[in-house]
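J.: got a structure for you, letters missing:
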């Protein structure tokens, strides 16, 4: 049976009406359709642009736990995930109509002993990075994930993993294989080499300076700041007492985060919402990340867009348009009002099925 929803859309707040036939949206009326929502707000399914399905607090998880993670995201209204690096293969989930769509970045790429054990591929010789990037580009769904910086225990602080020339060759290899590249970066020093090499996105970005903002604008680099995860920096510093320089650096990055990400927004660098779920952040918290974005200067509409219609455009995914998959959320009240409302959709529809 065809379904029918009606309400107001965002961001323009105009009346919208959709009919759902065979799991797809139609803007043409269908006789006899069952109305399942008729008074409130209708938006595309939410996007978590930095979400690790396959990672838990202890590292890689089994398929059953990864499935539970994906179901948790669906209940939170996240119907599209950019999986920014996972140690397990979740491609079997593509055969499940009840799970969010996943855009994969393959496995994290890091130099040996310079990242969390068990999560990424360790590269002993940085000259191997371009080949590894090409392989992950072919394995993923249009993205590759680099670890741009991490603690170097030899110097006792954050430090870049790769030389500038290798980064340029690696990012060129990804682009040649039809993939964009993003990188984990906490500190300052790794950013110029990555952005000058043509990287498409920076994750976290707590070390962004005014010079880097200008460079990002010139190169078209996006930012996914993962603000709710950055709240863990003081605890990370507390656990790293044997590396006092690193600990102090992490505390300083945390202290300046709001002003720096606010400057990024003010300059016009594209910002998208990602929770960094998996590990230190529980799955299903996209509403908290949207709320956190309003704390660095995004309006309520901009912050929601960063996890919805704007993020979908950035990732090349459809919104609410004729012929698109019926992946949408319905709310009796305006979902921009606060995280309590956003985390509790009145209706979740994925591929035309109501949850």
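T.: Thanks, I have the structure now. Values in this document were obtained by computation on a predicted structure and should not be read as measured data. Numbers count the residues shown, from 1 in each chain.
J.: what are the boundaries of the strands in the stretch 151-300 of the chain?
T.: Along the stretch 151-300 of the chain, the segments classed as strands by DSSP state E, counting those that start in this stretch run 157-160, 180-185, 201-204, 222-224.
J.: and residue 144, which of the ones you listed is closest to it?
T.: Residue 144 lies closest to strand 180-185 among the strands of the stretch 151-300 of the chain, at 4.9 Å (CB to CB). C-beta coordinates here come from the backbone N, C-alpha and C atoms, glycine included.
J.: strand partners (parallel or antiparallel) of the closest one?
T.: If you go by DSSP bridges, strand 180-185 pairs up with strand 143-147 (parallel), strand 201-204 (parallel).
J.: can you list these in a markdown table and add distance to residue 182?
T.: As requested, those are exported to a markdown table (distance: least, CB to CB, whole Å):
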| stretch | distance to residue 182 |
| --- | --- |
| strand 143-147 | 6 |
| strand 201-204 | 4 |
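J.: just name the most buried of these.
T.: The highest average neighbour count among the strands paired with strand 180-185, using mean count of other CB atoms under 10 Å, belongs to strand 143-147 at a mean of 28.
J.: quick one on the thing from earlier: okay if I get the strands of the stretch 151-300 of the chain as a markdown table plus mean pLDDT and distance to residue 307?
T.: Compiled in a markdown table, these are given as follows (pLDDT from 0 to 100; distance: least, CB to CB, whole Å):
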| stretch | mean pLDDT | distance to residue 307 |
| --- | --- | --- |
| strand 157-160 | 98 | 28 |
| strand 180-185 | 98 | 17 |
| strand 201-204 | 98 | 15 |
| strand 222-224 | 98 | 10 |
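J.: which one, of those, ends up nearest to residue 314?
T.: That would be strand 222-224 among those, by CB to CB, at 6.7 Å.
J.: now the closest one, how far from the chain's geometric center?
T.: Distance of strand 222-224 from the chain centroid (CA atoms, centre = their mean, to the nearest Å) equals 9 Å.
J.: domain-wise, how is the protein divided?
T.: Per the TED database, the structural domains of the chain span 3-43+319-354, 46-315.
J.: so which of these is the most packed in?
T.: Counting by mean count of other CB under 10 Å, domain 46-315 has the highest mean neighbour count of the domains of the chain, with a mean of 20.
J.: so what's the closest residue to residue 191 other than its chain neighbours up against?
T.: Take residue 191 and drop its neighbours on the chain: the residue closest to it by CB to CB, 6 or more residues apart in numbering is residue 212, 5.0 Å away. Shown in contact with residue 212 (CB atoms under 8 Å, 6 or more residues apart in numbering): 188, 191-192, 195.
J.: residue ranges with poor pLDDT in this protein?
T.: Scanning the chain for pLDDT under 70 picks out nothing.
J.: and residue 222, what are its bridge partners?
T.: Beta-bridge partners for residue 222, by DSSP bridges, are residue 201.
J.: correct me, but it touches residue 269?
T.: Yes - here residue 222 reaches residue 269: they are 7.1 Å apart, a contact under CB atoms under 8 Å.
J.: hang on, the earlier thing: and the contacts of residue 212, which is closest to residue 276?
T.: Out of the contacts of residue 212, the member with the shortest distance to residue 276 (by CB to CB) is residue 191, at 18.2 Å.
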